[in-house]
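1. I'd like to go over a predicted model; first the sequence, then the structure.
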Amino acid sequence: MSRIFNVAVIGLGIGARHIREGYMPNTDIFKVATLCDLDPARLKQYGEEFSVDHRTGDFDAVLADPSIDVVDICTPPNTHYDLIVKALASGKHVICEKPLVGSLEEIDRLIVHEKAAKGRLMPIFQYRYGDGVHKARRIIEAGLAGKPYIATSETHWTRLADYYAVPWRGKWATELGGVLMTHAIHINDMLSYLMGPVASLFARVATRVNPIEVEDCVSLSLEMASGALATVSATLGAAEETSRLKLCFENVTFESSHAPYHPGGDPWTIIPANPEVDAKIEALLEGWVPMKQLFSGQMRDFHDCLVNDKPTPVTTEDSRRSLEFLTACYWSARQKQPVAFPIGSDNAYYDGWRKS
């Protein structure tokens, strides 16, 4: 019988989705034992919905509870660093929503804490969990796709006044960024997951949709380490919400599902260059077993890593690459210059991009 880990969910905004979509489908391996939130009404609402009796607004009390194995941090982005450090110091395993922290300096310090900690740390990138993106990755890793040529990434969503009525959203101090940080971060992670690392980029950002501090429209031009080129666009003013990746390789063209919040899921369009490649892809994917999707799949893989002492399915280094990408975007947009990777401690934004 698999070990069941007791989880405390900290923050019941996106945290409620973690429970509904991540833990409830996996009750054989996780039990949500504690809810922690500063809003008593939310504690009552979700405590009743998910039948969780232990509810608190005291994070330190959660860490002091020896029955809690995993702390799942779903609070506003500006709080993540301190909460993660405290949770790791207490010996807990930690799951944390994106963005993991607010600068490369913070994540480099966090990596030091993680290496010294008893518990494991897993950032959330649930969009990786879909049959479509995993089939594409398998084809690429098998060498069937050939040389990467060009790609496009689109996050065209709608976020208007009602969304930004939540006080911490739309502000540099608390949300840490706009559409790049909070919305397009997922599909841009998928772009690198399939096309490899970014070598350089030029960014343009604008605030055109909402009266907020942070950006809500973005256009990026990327050169990948492989030599492939990519373009990225994102807006929060689309009349119809879609997400899309299109990747052109030497032997295969991939196009993702257009589902705004699950572009990694089936169906993907996979177009081989010729019948020979088609036959090899068909043989490679024969007998494909559908995987658990989104939060459910990532949480299940996290359990596997804890039980069998494997690397976390999404690593702190994965999150660092995402933060390096964001740092480069904000630096390039403000300096109106291209920026090359890697981004080191000599970059003016190494300690954060929330500056003029």
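-> Perfect, thanks for sending it.
2. I'd say residue 239 and residue 158 touch.
-> Yes. The pair residue 239 and residue 158 qualifies as a contact (Cβ atoms under 8 Å) at a distance of 7.4 Å. Just so you know, the C-beta spots here come from the backbone N, C-alpha and C atoms, and that holds for glycine as well.
3. between the two, who's got more neighbours?
-> residue 158 (14 against 6; other Cβ atoms under 10 Å).
4. re the thing from before, which neighbours do residue 239 and residue 158 have in common?
-> The contact sets of residue 239 and residue 158 do not overlap (Cβ atoms under 8 Å, 6 or more residues apart in numbering).
5. contact partners for residue 14?
-> 74, 97 are the contacts of residue 14 under Cβ under 8 Å, 6+ apart.
6. okay, now the domains of the chain?
-> The record's domain parsing of the chain by automatic domain parsing lists 5-126+296-314, 127-291.
7. okay, how far is it across the longest one, tip to tip?
-> It stands for domain 127-291. 13 Å (Cα to Cα, to the nearest Å).
8. give me the distance from that domain to the chain's centre.
-> Put simply, domain 127-291 sits 12 Å off its chain's centre (Cα atoms, centre = their mean, to the nearest Å).
9. show the average pLDDT along it.
-> For domain 127-291, mean pLDDT is 97.
10. distance to residue 330 for the domains of the chain - can I get that in JSON lines?
-> JSON lines is the format used below for the domains of the chain (distance: least, Cβ to Cβ, whole Å):
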{"stretch": "domain 5-126+296-314", "distance to residue 330": "11"}
{"stretch": "domain 127-291", "distance to residue 330": "7"}
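11. and the ones you listed: which comes nearest residue 326?
-> Of all the domains of the chain, the one in closest proximity to residue 326, counting by Cβ to Cβ, is domain 127-291 (5.9 Å).
12. returning to that earlier point: for residue 336, find the nearest of the domains of the chain.
-> Closest to residue 336 of the domains of the chain is domain 127-291 (Cβ to Cβ; 8.5 Å).
13. tally of neighbours for the residue nearest to residue 136 when sequence neighbours are not counted?
-> Closest residue in space to residue 136, ignoring its immediate chain neighbours: residue 254 at 4.8 Å, by Cβ to Cβ, 6 or more residues apart in numbering. By other Cβ under 10 Å, 23 other residues sit near residue 254.
14. all helices for the chain, in order.
-> 14-17, 40-49, 59-64, 80-89, 104-116, 131-141, 172-175, 185-195, 275-284, 294-308, 316-335 (DSSP state H).
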